[in-house]
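**Q** sharing a sequence plus its predicted fold:
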Amino acid sequence: MTYFLYNLILILASPFYIIRVLWKNKGCKERFGISIPENENKKVIWIHAVSVGEIIASKPLISLINKQLPDYEIVLSTVTKTGREIAEKMQKQLSHIFYFPFDFPFVVKKVLRKINPSLIVLAETELWPNLLRYAELLNIPVVLNNGKISPSSFLKYKKIHPLFTPILGKVSIFCMQTEEDKDKLIQLGVNPEKIIVTGNTKFDLFDSDLDKEKPLENWNTTGFSPIIVAGSTHPGEEKILLELLKKIDKKFPNTLLVLVPRHPERLTEIENLIKEKGYSFVKRSETNSYLLKEKIILVDTIGELSKIYSVADVVFVGGSFVPIGGHNLLEPAFLSKPIITGQYTFKQNEMTELLKKGDGIIQVENEQQLQEKLLELLSSPEKRKKLGENARNVVLSNPGATKRNFEVIAKILQEV
């Protein structure tokens, strides 16, 4: 009954869903399993990570598999265009990159036959019913890597609990980030013996990777101080920051604001907003070694956020002043940057709470508090330094999830 209802809904919604996905991200042939190459008797691990965040979180695991399991090739699927662009920067570690296929039974069966994986690794919350169903029928184990369940997702899953539990039962092992995530799965009917709390693999990104980042090229901020970097912003947040910039300018007239929107397709919208507020700007792709005159840099490139954070005096992490749920706080934390975030961090609960416990973040509830805390930090280099040091200490004290997840995967592969 579960799969009948799911496939019925999928069929009814498919014209709109397919058009939307293909319009935004293309990859038509791959999504129907047409241009995916056949596996020629190779040992393959299929990793699926929906977008940028999940791909970045999977990087430590991919590196460890390549190092410890050289007989296995890794294929990586993603859903979004930006995710694909990030994945392509990792081509040397991957044998093939492709858009995740539509979850229709005939497509899933075709793709599984072509890839013929020894194991499927799903990142965080990517649970596709037909993929899980046919993987089980073909005796392909499935591991959830860096698993988490947000409060909003948990409420949705509970509403369809009788239908959703059989789908969850197809996963071989759940490697979850926290005890809270484990408890949610148990409430949804998952066998506790299939759940292991391994921690968050994003902490393992910072063993030295960012230290090896090349300095920003063609970026001369001489004459500007302080520098505020707003990372992964969403609609509504840029407007707030631009209005605050006018107030900050009264005390710090040489302030530089760097806007890094979460979705590059919004650039035109943000450009118009900046002009509306009376500011000039330059795009990141257009910056060069001459002395900047514009007070705002609008970042239109992909994969540079950690390097951009490195020049900040204060970092604002977006998706938190609007009910998106927040974004990765660990990149600026590792770089010892003072971080301010809004109240909506429900997708980053673990990171937020750890940083709050370690006095490594400032969380505000409204625009007035954001203005007050920004001015407070900008006025005190000592407070900025202390907050940044605390944040970095939190990151460096929580590694090891990738190794624990890898041990689970290696054990399963031995049993296959």
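**A** Perfect, thanks for sending it.

**Q** could you pull out the strands for the protein?
**A** For the chain, strands defined by DSSP state E occupy the ranges 43-48, 72-78, 96-99, 119-123, 142-147, 173-176, 195-197, 227-233, 256-261, 281-283, 296-298, 314-317, 339-341, 362-363.

**Q** so can I have a markdown table of those showing mean neighbour count?
**A** From N, CA and C alone the C-beta is placed, and that goes for glycine too. Converted to a markdown table, these look like this (neighbours: other CB atoms under 10 Å):
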| stretch | mean neighbour count |
| --- | --- |
| strand 43-48 | 22 |
| strand 72-78 | 23 |
| strand 96-99 | 20 |
| strand 119-123 | 25 |
| strand 142-147 | 26 |
| strand 173-176 | 24 |
| strand 195-197 | 19 |
| strand 227-233 | 23 |
| strand 256-261 | 23 |
| strand 281-283 | 15 |
| strand 296-298 | 22 |
| strand 314-317 | 27 |
| strand 339-341 | 26 |
| strand 362-363 | 20 |
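
**Q** relative to residue 86, which of the ones you listed is closest?
**A** Of all the strands of the chain, strand 72-78 sits nearest to residue 86, with 8.1 Å by CB to CB.

**Q** per-domain residue ranges of the chain.
**A** 23-205+399-415, 211-396 (automatic domain parsing).

**Q** pLDDT below threshold where in this structure?
**A** 1, 7, 9-27, 207-218, 288-291 (pLDDT under 70).

**Q** mind redoing it with 80?
**A** 1-28, 161, 206-222, 287-292, 416 (pLDDT under 80).

**Q** can you list the strands of the chain in CSV and add distance to residue 89?
**A** As requested, these are exported to CSV (distance: least, CB to CB, whole Å):
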stretch, distance to residue 89
strand 43-48, 15
strand 72-78, 12
strand 96-99, 10
strand 119-123, 17
strand 142-147, 20
strand 173-176, 25
strand 195-197, 30
strand 227-233, 18
strand 256-261, 17
strand 281-283, 20
strand 296-298, 22
strand 314-317, 22
strand 339-341, 25
strand 362-363, 32
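
**Q** residue 57: which of those is closest?
**A** Per CB to CB, nearest to residue 57 of the strands of the chain: strand 142-147, 5.3 Å.

**Q** and the closest one, what does it pack onto?
**A** Helices and strands touching strand 142-147, by 3 or more CB pairs under 8 Å, 6 or more residues apart in numbering; DSSP states H and E, are helix 52-68, strand 119-123, helix 129-137, strand 173-176, helix 401-415.

**Q** and those: which comes nearest residue 187?
**A** strand 173-176 (13.0 Å).

**Q** any idea how far the residue nearest the centre of the chain lies from residue 178?
**A** Geometric centre of the chain, nearest residue: residue 53, 1.4 Å, by CA atoms, centre = their mean. Going from residue 53 to residue 178 by CB to CB, to the nearest Å gives 17 Å.

**Q** now residue 115
**A** 31 Å.

**Q** comparing these two, which shows the higher neighbour count?
**A** Neighbour count, other CB atoms under 10 Å: between residue 115 and residue 178, residue 115 has more, with 24 against 18.

**Q** so that one makes contact with residue 76?
**A** No. Under the criterion of CB atoms under 8 Å, residue 115 is not in contact with residue 76, lying 11.2 Å apart.

**Q** okay, and the common contacts of the two?
**A** Residues touching both residue 115 and residue 76 (CB atoms under 8 Å, 6 or more residues apart in numbering) are residue 46.

**Q** for residue 262, grab the count of nearby residues.
**A** With other CB under 10 Å as criterion, residue 262 counts 20.

**Q** sorry, slip of the keys, the one I care about is residue 137.
**A** Considering only other CB under 10 Å, residue 137 is surrounded by 11 other residues.

**Q** would you mark the buried spots in stretch 30-39?
**A** 30-33, 36, 39 (16 or more other CB atoms under 10 Å).

**Q** contacts for it?
**A** With CB under 8 Å, 6+ apart as the criterion, stretch 30-39 contacts 18, 21-22, 29, 96, 98-102, 107, 110-111, 114-117.

**Q** can you redo the domains of the chain as CSV with distance to residue 6?
**A** Converted to CSV, the domains of the chain look like this (distance: least, CB to CB, whole Å):
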stretch, distance to residue 6
domain 23-205+399-415, 5
domain 211-396, 25
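
**Q** among those domains, which is nearest residue 8?
**A** Of these, the one closest to residue 8 (CB to CB) turns out to be domain 23-205+399-415, at 12.0 Å.
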